[in-house]
Structures are given as C-alpha cells and as structure tokens.
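*Asks:* Fold the following, please.
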Amino acid sequence: MTSDLIAFPARAASDSSKPVEAGSAIATHREMANAIRFLAIDAIEKANSGHPGMPMGMADVATVLFSDFLKFDPKDPDWPNRDRFVLSAGHGSMLLYALLFLTGYEDVTLDQLKTFRQWGSKTPGHPEYGHTQGVETTTGPLGQGIATAVGMALAERLNNARFGDDFSNHFTYVICGDGCLMEGISHEAISLAGHLGLGRLIVLFDDNEISIDGSTSLACSDDQLARFAASGWSVRRIDGHDPKAIAKALAEERETDRPSLIACRTKIGFGSPARQGTEKAHGAPLGPAEVAATRAALDWPYAPFEIPPAILQAWQTVGKRGHAAHHAWSVRVSRHDGSARARFYEALNGDLSSGYEDAIRAIRASFATERPSVATRQASQQVIDILAESLPNLLGGSADLTHSNLTHAKSQTSLRPGSFHGSYIHYGIREHGMAAAMNGIALHGGLIPYGGTFLTFADYSRPAIRMAALMGLRVIHVMTHDSIGLGEDGPTHQPVEHLASLRAIPNLLVFRPADAVETAEAWDCALRALGQPSVLCLSRQALPTFRSDAKGGNKVACGAYLAVCPEGRRDITLIATGSEVALAMEAARLLAKDGIRAAVVSAPCFELFAKQSDEYRATVLGHCPRIGIEAAVQGDWSRWLGDGGEFIGMTGFGASAPASVLYREFGITPQAIAAAAMRRIHHSRTEGAT
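*Replies:* The predicted model follows:
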C-alpha cells in the first residue's frame, strides 16, 4: 500500500514532562497540552462565555493526535488526502481553535482567539464549516459530528475503491463526548459504520462521566464499550491523560480493519482545583480566582494568551510536518496519466460530467413527447437511470425503502461490508443517520449523494437537513409519498405539515414537481445547486404530464411559472404544486364554461420563485384574486396569495382511505377550487364597486 504517513518521533515514556524535540525547540508534552488549555481558558474568560471543561480535559489526547498522527497541512487546509478531524463535541470549540492557531492556520490568529464568540470573528461559539479554515464540519448539535464523520470515512473508502491508494488513503478522527453518545443518532451511525467495516474511522471518546446536570450516572448507565463492540467496532479504554497510552492506542487502532472507539478516561476541567471533575467546569468561564489557581496548579506562570517561544515553535513544527506528506501525495498523483487526474479532480470539484447536459436534455424531451401518466417517483426513477450512467460520481441510497422510493438505478451496484466498489447504499432504517452520513459524504468530496425515504419521515432527518442547509452542501433528499395521495396507509404516513416545515429552513430548496417533465427539471436544479441541499417531494399516485414542450429553459428553475395563460383578461390565478396542479387545470376548465378566465401557475419551488425579480413574479401571479391549492397545511402560502386570496388544502391530519376519497372528503377537488374562485371574484368585484 502506498502511504504518505508522517514520520513522527515516538514517545519514549509516559512521563508528561519528558522533552519532545521539535526542530530547534524543546517542549514537553505537558507544556504543549497546557498551551491548549490556557488558550481555551483565556479566550473563554475574555469572552465571558464558553465551555472550558472539554478543552482542558482532552488537551492531552488532542496533543498526541495532532503531533504524532494527524496528517494535515495548514498551508493548504483543503488538500484532498488530508486526514479529517471532527470535533463532534462542538461546544469545546476552543480546543480546535487553539490547535489551529498553534499549528499555523492563517485564519486563526491570536487576535481571532481574543475575539472568540464575537461578531465577525473566525472563532464562533461552535465550529462552522466554510467560516474557519481547518473546520471540516459544523458541529454543536450533539451526535451530528460523529454521524457526519461516518459519511466522511465512507467517502474515503469509496474514493479509494474508485481511484486507488495514490489518490485516497487517509483516516477520519473524531472527538466526541457523553452527550454525542446519548443522542439517538449515534446508534444509527455506529451501527452503519460497524456494518460497513469502516476501518479508517477512529473515535476518541471524552469519557469524563460528566454532563451538564452532573454525573452521567443521573441519566445513563450504558456500557459504551460493549455497545460499540456489539456493532462490530474495535474498542478499548485508556487513561486520557497518559500520552504514552494515548499514542499506543492510536497506533494499534490504525491497524485494525474495523472502526475504532478509544474511550479516554479524562477529568473535565483538568487542572482546575475547584472545578476539575465536576459539571461546574462544563459551560462557564472559570472566573479570575479559579484561573489564577489553575495557573498555579499547572505551573503556567504566563500572562493571558502568552505562549512561550519554545512551546509555540514546537507546535509550529508540528504544523509544518504535514507539508512533506502533502508533497509526497502530489508527486504520486502527478505520475498518473492526465485522464485519471482529470477524473479525480472533476469528482472532487463536484463537476457535472460532459455527458450530463445531453442526458438531462434527452430525458426532458422524452417526457414531453411521450407525456406519460406516472407517479413523479416513477419519473424520478427514470431520471436516476439516466443520471447514473452519465454521472459516475452519483451515489444513491435509501433508508430501507428502495422499492418504494424508486431510488436504485439499473446500472448501480450496492455496497457490501468491506467492499466499496459500488454506487448505492442500503442505509437501513436509519433516516437520521443517512441524512448525516450524506452530509459527511458531500463534505469529503468526490461524490454527489442522494438518499430516499418517505416525506413524513423528514422529521427523522430534519436535524441533519438543517445542518446541510447551514453548511451549504449539495445533498439531495428524495422523499416520496408526499401527501394524502398515498391513500390507505393513513395519517401516520400522510405528510401534511412537512412541506411548510421544510420550507421554513433557510437555504433549503424544496421541490414538489407536478409531472414527469418538472421532475426531470427539479433533479437538474438540485444537481446544479452547489451551495444548497434539496428535497424532492414526489407522489405515489400517477399524475398526467401537462408539459408538451421541453425545448426552452428549465421552468422549474424559475420556481413558478404560468402553466395555463388565458387570452385577454385574467379573472383569477390558481396557484398549485405537485399533484394539485392537475386539479387546478381541471378547475380552470370548469370556470371557462362560466366565462371565467383562469390562469394556472405551477409553483414547484417557493425558494427559487422568491429569488426572481418583482416584475417576473408580478407577471406570473397577475393582478387579480388568487387561490392557492396544496394537499398540505397552509404554512407560508399567504405571501403568494396577497390580500383577499384563499387557500385550499389541509387543516389537520389525514385519514385511511383511497386517495380519491380523501381528496373528496377534505374538499380538495376541481369543483371546490372553482367555487372558491367564484367567491373571490365576486368579493373582489363587490369591493371594487364600493
């Protein structure tokens, strides 16, 4: 196996006062770890806000990891074959910021540490991807980090299978706490990682037995090592303040073919005489008196934010060591032919392949010509079949609903434990874990992930969807069975509030296509949205294709457009999404019999429509009464309906019955739409007359 591992000097003894040579500087492990502790203490004290306990407790573990094992290059923080480090316990962000400063990341200066948690700072309260160099993922909501790291480790193996050791050959390391492991998502994540055999994933558990309320024994008596072992992990417990034990554990766990848990027994707030080992060290500044006492206890007689030159140089030398590994990797990659390198970098950049444009154009044209009456989930499957052949970096999956979501392309092969030569993942019944893993896959680079479940189960995925929106990740959620139209399964499976709930998340694109052509265009929009996740809300029931011309631009990209435009005057505008567009068109035909000229607007994506110009939106919506139609609760429909508008949809949960019966009983019919239109027109004319 080709390797660009860094050759670090081995630690000779567990004595933390043993000198560690770093170039011309000599610093002990304890001094290097204390530099982390006191940068954290001082920054939190200055901000009068933050969490000192974890950085103080895990400083020894982090020092060994960064100085002896982690492969990184501060001068090029994004080089593809770096190891990934995820601080799942994101409240301890000053641990990471201190390390980034000490090892030489340009973003994180001493002045940035002094502005911890302040407006415009590169050191926010919790690490934020895209905001600070060296932060691999946004963390803070407990459990998200470890679950996202599973996706990163999976992506590394997938890229390795596709491109080989010379291109992808690195580890993913995680620091997590008790809170991460109490969160339910951790079970989904560790189960998936163990099943797949992600041997290059190493989790360092801050096993300090403390949570915010006090001892973890108040709420939890789990044997975490047994729990992880039951999922197929390699597990061990060590003294998290013994550098030799830490180094030995890391070295040995790097050799296993299973994911690893190293439970590091630590003391939260290590070194604080009055707070060490208690919940008081967790989430508040130590205070001037306790800071002084901690300085004395740890023999750190330096002013706030002062790092002695020898210690700083030792850390800077650690930061420089990764450059050699980076260079060695670059040399190896350069020896491959140009086409191999091009494929690798195209995948990393998330580029759509040269054949993509022709493929998406062909499927749109086919739908427009054939005008099939199919469920949009079926149309989506046909799109996926085409995309899988034209986009080699497309990675599919489903949370045990493959044959319902229709997410598996004919050309895709499924991953198996220990074998990563595939492009489809069976995530099992782990919606939340799937969503977080897809975030990690997108963050790692090289693949475009999509995953399927029912729309009603978006609630399970929502925290990870929100994180994707916050980070600006191209992750595609295929969510089928999008309304009461799914029928007999009843209200437990009929999503009524979910569209409104998802639309409330900033930077998330929610698509509800009305026919096969719109489904293809929604996929096109989602794939081009490099800085946004997308949710495709697809029907179980068949819908007629009303678009017969796909030669122009992508209409879904406008968010909403005129599907039916009457000649001459416009009396009413009927605005609908998804399966209700066909109902609106039938209502327009009913109204025409009474001499009422109705425009029909298909609005597959509110978020994209909101980005259009005022002039475009006015042209689409018209200056007349408006009716909104969607088999869901009203949510924020009012912004499109204006004064005097009316909404036809759901006001409560659904019921178990055939879809046609449900639409009739809940009053979502062409006749009800037409009647509402007549009411609004009459009301408008009456008001105009007065």
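
*Asks:* The residue nearest to Met471 when sequence neighbours are not counted in helix, strand or coil?
*Replies:* Leaving aside its chain neighbours, Met471 sits nearest to Tyr129 (4.6 Å; criterion: C-beta to C-beta, 6 or more residues apart in numbering). All C-beta spots, glycine's among them, are computed from the backbone N, C-alpha and C. Classification of Tyr129 using DSSP: H, G, I helix; E, B strand; the rest coil returns coil.

*Asks:* Tyr129 contacts Val135, correct?
*Replies:* Yes. Here Tyr129 reaches Val135: they are 5.5 Å apart, a contact under C-beta atoms under 8 Å.

*Asks:* okay, these two: which has more neighbours?
*Replies:* Legend: neighbour count by other C-beta atoms under 10 Å for Tyr129 and Val135, higher for Val135 (27 against 18).

*Asks:* Excluding chain neighbours, what is closest to the more buried one?
*Replies:* Nearest in space to Val135, with sequence neighbours left out and distances taken as C-beta to C-beta, 6+ apart, is Pro127 at 4.4 Å.

*Asks:* can you map out the helices along the stretch 101-250 of the chain?
*Replies:* For the stretch 101-250 of the chain, helices defined by DSSP state H, counting those that start in this stretch occupy the ranges 110-114, 144-163, 178-182, 184-196, 224-230, 243-253.

*Asks:* Turn the ones you listed into JSON lines, columns for mean neighbour count and mean pLDDT.
*Replies:* As requested, the helices of the stretch 101-250 of the chain are arranged in JSON lines below (neighbours: other C-beta atoms under 10 Å; pLDDT from 0 to 100):
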{"stretch": "helix 110-114", "mean neighbour count": "17", "mean pLDDT": "98"}
{"stretch": "helix 144-163", "mean neighbour count": "27", "mean pLDDT": "98"}
{"stretch": "helix 178-182", "mean neighbour count": "22", "mean pLDDT": "98"}
{"stretch": "helix 184-196", "mean neighbour count": "24", "mean pLDDT": "98"}
{"stretch": "helix 224-230", "mean neighbour count": "16", "mean pLDDT": "98"}
{"stretch": "helix 243-253", "mean neighbour count": "20", "mean pLDDT": "98"}
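
*Asks:* Can I get those helices in CSV including distance to Ala359?
*Replies:* Formatted as CSV, the helices of the stretch 101-250 of the chain follow (distance: least, C-beta to C-beta, whole Å):
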stretch, distance to Ala359
helix 110-114, 46
helix 144-163, 20
helix 178-182, 41
helix 184-196, 30
helix 224-230, 43
helix 243-253, 43
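
*Asks:* For the helix of greatest length in the chain, give the mean pLDDT please.
*Replies:* For the chain, the helix with the greatest residue count under DSSP state H is helix 309-334. The average pLDDT within helix 309-334 is 97.

*Asks:* rewinding a little: got the contact list for the residue nearest to Val135?
*Replies:* Counting by C-beta atoms under 8 Å, 6 or more residues apart in numbering, Pro127 makes contact with 87, 90, 93, 96, 135, 137-140.

*Asks:* Looking at these, which one is closest to Thr573?
*Replies:* When the contacts of Pro127 are compared for distance to Thr573 (C-beta to C-beta), Thr138 wins out at 40.2 Å.

*Asks:* Tell me how many other residues crowd the closest one.
*Replies:* Applying other C-beta under 10 Å, we find 25 residues neighbouring Thr138.

*Asks:* State the distance from it to Pro304.
*Replies:* As judged by C-beta to C-beta, to the nearest Å, Thr138 and Pro304 stand 28 Å apart.

*Asks:* next one: Leu218
*Replies:* Noted for Leu218: a distance of 35 Å to Pro304, by C-beta to C-beta.

*Asks:* Who has more neighbours out of those two?
*Replies:* Counting neighbours by other C-beta under 10 Å for Leu218 and for Pro304 shows that Pro304 has the greater number, 14 against 10.

*Asks:* what helix or strand does the residue nearest to the more buried one when sequence neighbours are not counted sit in?
*Replies:* Using C-beta to C-beta, 6+ apart and skipping the chain neighbours, the partner closest in space to Pro304 is Asp42 (4.2 Å). Asp42 is part of helix 29-47, with elements assigned from DSSP states H and E.
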